[in-house]
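Asks: Next one to model:
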Amino acid sequence: MWRWADLNGQQRRVRFDELRAALAGGLIAPNTPVWQPGWPAWQPAHEVPELTTSALNAANGLIPNIPPPPLAVVAVQREFEAASMAPRAPSMYEEPPPVPQWAPAAAKSGSLAPPPPAVVPPPDLGSGRLFDSDKVAAAPKLGASLPTAIGLPPPPQLVADMALKAKAAPAPVPKVSHDADEGIEELSDSMLVDESNDQLVQTPLDSGDLPPPTDPVIREEKREGDTGMVAAIRPSPIALIVEDIKRLRAKQKPKNPRMLAVVGGVAVLGVITFFGLIISAISGGGSSDTTKTKGSASVASSSGPPSSSTLEVTSAAPPVVAPVKEEPKPTAGVELGDCVAAGEGKTLAARALIATGIEAAAGQSALALGFAPSLHDAVGVSIDPGSLTPTATVRAGAKGDIRRVVPFFSGGKVVIIADSDRKGDRMTSRRFVPTSNPVDIGVAENGIVWAPHGKDSYAKLFDIDGDAPVEAMKAIPLASGKGVAVAFRRGNSVFVGVATGDATLTAEGQLSRVAGLGQVGSPAIATSGDSIVVAWADRASKDDPWGIRWTKRSISGATIEPRALAVPDGGLGGPAMSPSVAGLGRGRFLLAWTEGPSAPHQVRALTFDASGMPSGGALSISASGLNAGQPSAVVGVDGRGVVAFLSAKGKTNELVATPITCPAR
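Replies: Numbers count the residues shown, from 1 in each chain. Model prediction:
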């Protein structure tokens, strides 16, 4: 027994020969979904070997007069298809999978010879026989215009002989040769054998409506308060709700009270939310980045709370990928003076990883820090630059190991994106950049490429020669927000590049290469006016102490010779490493670093003017007795900023921040 489904999804159970006859006569579409027990899915009739000829001939308006494929060929094809299915014993009572959506392909009208009046009665589906021998009418008169599968009319002598036989005696009972084991009809479609002379005679089916279901498939489904049978095609939920509303108006009991209650609750919640948004808009918005209890996030929540009691998760929402609302940049139209420490350091989190470090960003009236307490959890905290009080905290998770956590402000609210290397990514070292239209920078096809944030399609910005890997990729937005600056380490050199644009990025010149002394650390990068400042740790060999070097590059591509940091007196002295830079406008910048020959280490900072000379005194960022390192500096447009760093405590590292101020010049 087979099943076929009509356009409404109604299934009908039929015998194999009935299905072939219906297809050959054009009563059902050639691509009708069919199924038999043991199949994992429905298939179009014209793709089933046993039915292909019937379906295609009905679609093309032909009556075949060519033999079907050899049984051996069909058997091999069936064996191949059976091997791809789950090996299980089929059952005629097995329920098929859901019927696929389909559009019927119409059979060509007139594909058969014009039937005479009263040709052959419809199949007696109830008796289980294809034809009733007592009701078989005479064979139709066949004309010379009868179409054939090869497009030629039949020989005149054959037509004449068939016409004489039709007059001489009633048509005999057609006989179908059927292979019960394989379910393959040995003759093609509706061409049946006339045993009297072994001539091929056409026996067309009735061209009326579709035959009634041999065994209509109706599934029993009980609903609360309903004792009747529900057909396989059920009313839509909207129709059920409308029906229940009508019953309530008529003071009758609804049939689906639970569904009605859920819909009513959702509607009430929607109305409350709508009015809440209106009230919030009238009152000037209910949340800001300076209100601790109303801070918001645009990232997905991850499992487990932050390890610090000073961090409070205030909201969680899907990651932001929309264009970033521009915030005033620290270096936009202002020049800040020499920086000084504005207070003692404050612990903001009890755990932060060294591998991901700390990333910092400035907003209009707040600062943001991004870090990772574990390889799969990212945290962003917005702080007041004066008191260092957390005003909003956001969290996000990552499937891969987090490389860095990028914080930024959008609409006055802190947002974070966790960079991680995902499997199958066409770009390696993918890094998020919060430009006006957020982008990703990475490596592909032996070059530096860019892509819209989260997308796989990319465009090349810079070519890179050789096989050395790109490491320690850093990318930041330009001061205008429309473009990116890139720095990375490759071999024993540091490379710097700039690309400008809003919706698309265009490289500004070539990559600038600065040769290292021998061993090169991870570069730090910041913008200051029209300049890009890059700093890194460097040493000639593993036996030499680390030192800090830095360089500047203009957007157009001019790069100054690298300069070494002369560590000022007043600290632990010795090696200097792990630099961080923050722009102060018009080429001025703040440089922070870690120094000390051995643990404990110390974090210090120093202001540099536009000419690259030290300006003002050195700042002691970490308190005496702390083993501190990995600084990250940021300064807002109002001159208030922080230098955050990691402080070793046992086997973990705390996140500590020290406030600084850089008055406007």
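
Asks: ok, how many other residues are close to residue 521?
Replies: Using other CB atoms under 10 Å, residue 521 has 20 other residues around it. No exception for glycine: its C-beta is placed from N, CA and C like everyone else's.

Asks: ok, it - contacts?
Replies: 472, 489, 536-538, 546, 577-578 (CB atoms under 8 Å, 6 or more residues apart in numbering).

Asks: Can you add secondary structure and pLDDT and give these back as CSV?
Replies: Output for these, formatted as CSV (DSSP: H, G, I helix; E, B strand; the rest coil; pLDDT from 0 to 100):
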residue, secondary structure, pLDDT
472, strand, 94
489, strand, 96
536, strand, 97
537, strand, 96
538, strand, 94
546, coil, 95
577, strand, 96
578, strand, 96
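
Asks: Just the buried residues of stretch 427-444, please?
Replies: Buried residues in stretch 427-444, counted by 16 or more other CB atoms under 10 Å: 427, 429-444.

Asks: cool, and stretch 15-33?
Replies: Within stretch 15-33, the residues that count as buried by 16+ other CB under 10 Å are 15-16, 18-33.

Asks: Between the two ends of it, how far is it?
Replies: Terminal residues of stretch 15-33 are spaced 15 Å apart (CA to CA, to the nearest Å).

Asks: Rounded mean pLDDT for that stretch, please.
Replies: Computed over stretch 15-33, the mean pLDDT rounds to 85.

Asks: Residue 561: what's it in contact with?
Replies: residue 551.

Asks: picking up where we left off before, which of the buried residues of stretch 427-444 fall in strands?
Replies: Mapping the buried residues of stretch 427-444 onto strands (DSSP state E) picks out 429-433, 439-444.

Asks: which of the residues you listed lies closest to residue 353?
Replies: Nearest to residue 353 out of these is residue 431 (CB to CB; 17.1 Å).

Asks: helices and strands around the longest helix along the chain, which ones?
Replies: Counting residues, the longest helix found in the chain (DSSP state H) is helix 257-282. Contacts defined by 3 or more CB pairs under 8 Å, 6 or more residues apart in numbering; DSSP states H and E place helix 257-282 against helix 237-249.

Asks: tell me which residues in the helix it packs on are buried?
Replies: 240-241, 244.

Asks: May I have that helix exported as PDB, CA atoms only?
Replies: Extracted C-alpha coordinates of helix 237-249, given in PDB (Å, rounded to 0.1, in the frame of the first residue of the first chain):
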ATOM      1  CA  PRO A 237      -4.500  29.000  16.300                       C
ATOM      2  CA  ILE A 238      -5.900  32.400  15.200                       C
ATOM      3  CA  ALA A 239      -9.100  30.700  14.000                       C
ATOM      4  CA  LEU A 240      -9.500  28.800  17.300                       C
ATOM      5  CA  ILE A 241      -9.000  32.100  19.200                       C
ATOM      6  CA  VAL A 242     -11.600  33.900  17.100                       C
ATOM      7  CA  GLU A 243     -14.000  31.000  17.600                       C
ATOM      8  CA  ASP A 244     -13.600  31.100  21.400                       C
ATOM      9  CA  ILE A 245     -14.100  34.900  21.400                       C
ATOM     10  CA  LYS A 246     -17.400  34.400  19.600                       C
ATOM     11  CA  ARG A 247     -18.400  31.700  22.100                       C
ATOM     12  CA  LEU A 248     -17.600  34.000  25.000                       C
ATOM     13  CA  ARG A 249     -19.800  36.800  23.500                       C
END
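
Asks: Contacts for stretch 626-634, please.
Replies: Stretch 626-634 is contacted by residues 330, 345, 354, 357-362, 367, 369, 577-582, 590, 592-594, 599-603, 605, 621-622, 641-648, 656, 660 when judged by CB under 8 Å, 6+ apart.

Asks: So which of those residues are in strands?
Replies: Short answer: the contacts of stretch 626-634 in strands (DSSP E) are 359-362, 367, 369, 577-582, 590, 592-594, 602-603, 605, 641-648, 656, 660.

Asks: Show me what counts as buried in the longest helix of the chain.
Replies: Within helix 257-282, the residues scored as buried using 16+ other CB under 10 Å are 260, 263.

Asks: and if you look at stretch 651-660?
Replies: For stretch 651-660, burial by neighbour count (16+ other CB under 10 Å) applies to 653-660.

Asks: and if you look at stretch 599-612?
Replies: 601-610, 612.

Asks: Can you get me the start-to-end distance on it?
Replies: By CA to CA, the extent of stretch 599-612 from end to end equals 30 Å.

Asks: Show the average pLDDT along that stretch.
Replies: Mean per-residue pLDDT for stretch 599-612: 95.

Asks: do the same with stretch 396-414
Replies: pLDDT averaged over stretch 396-414 gives 91.

Asks: can you check stretch 438-448 too?
Replies: Stretch 438-448 comes out at a mean pLDDT of 95.

Asks: Give me the contact list for that stretch.
Replies: 321, 323-324, 425-433, 449-455, 458, 460-465, 470, 473, 475, 484, 486, 488, 497, 505, 511.

Asks: tell me the contacts of residue 476?
Replies: Residue 476 makes contact with 433, 484-485, 525-527, according to CB under 8 Å, 6+ apart.

Asks: Tell me the secondary structure at the spatially closest residue to residue 560 that is not a sequence neighbour.
Replies: Spatial nearest neighbour of residue 560, excluding adjacent residues (CB to CB, 6 or more residues apart in numbering): residue 552 at 5.0 Å. Using DSSP: H, G, I helix; E, B strand; the rest coil, the structure places residue 552 in strand.

Asks: what residues are up against residue 552?
Replies: By CB under 8 Å, 6+ apart, the contact list for residue 552 reads 531-534, 559-560, 587, 612.

Asks: Among these, which are located in helices?
Replies: Checked against DSSP H, the contacts of residue 552 include nothing in helices.

Asks: Format those as a markdown table; extra columns: distance to residue 279.
Replies: Below are the contacts of residue 552 laid out as a markdown table (distance: CB to CB, whole Å):
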| residue | distance to residue 279 |
| --- | --- |
| 531 | 47 |
| 532 | 45 |
| 533 | 46 |
| 534 | 49 |
| 559 | 55 |
| 560 | 56 |
| 587 | 47 |
| 612 | 54 |
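
Asks: which among the residues you listed gets closest to residue 410?
Replies: residue 532 (23.5 Å).

Asks: That closest one against residue 496, yeah?
Replies: Yes - with contact defined as CB atoms under 8 Å, residue 532 and residue 496 form a contacting pair (6.5 Å).

Asks: Report the residue ranges of every domain in the chain.
Replies: Residue ranges for each domain of the chain read 2-202, 340-661, as given by automatic domain parsing.

Asks: Specify which member of the contacts of residue 521 is nearest to residue 339.
Replies: Distance to residue 339, by CB to CB, is smallest for residue 578 among these, at 18.4 Å.

Asks: What residues does the closest residue in space to the closest one that isn't next to it in sequence make contact with?
Replies: Nearest non-adjacent residue to residue 578, counting by CB to CB, 6+ apart: residue 594, 4.4 Å away. Contact analysis of residue 594 by CB under 8 Å, 6+ apart lists 576-578, 601-603, 628-631, 645.
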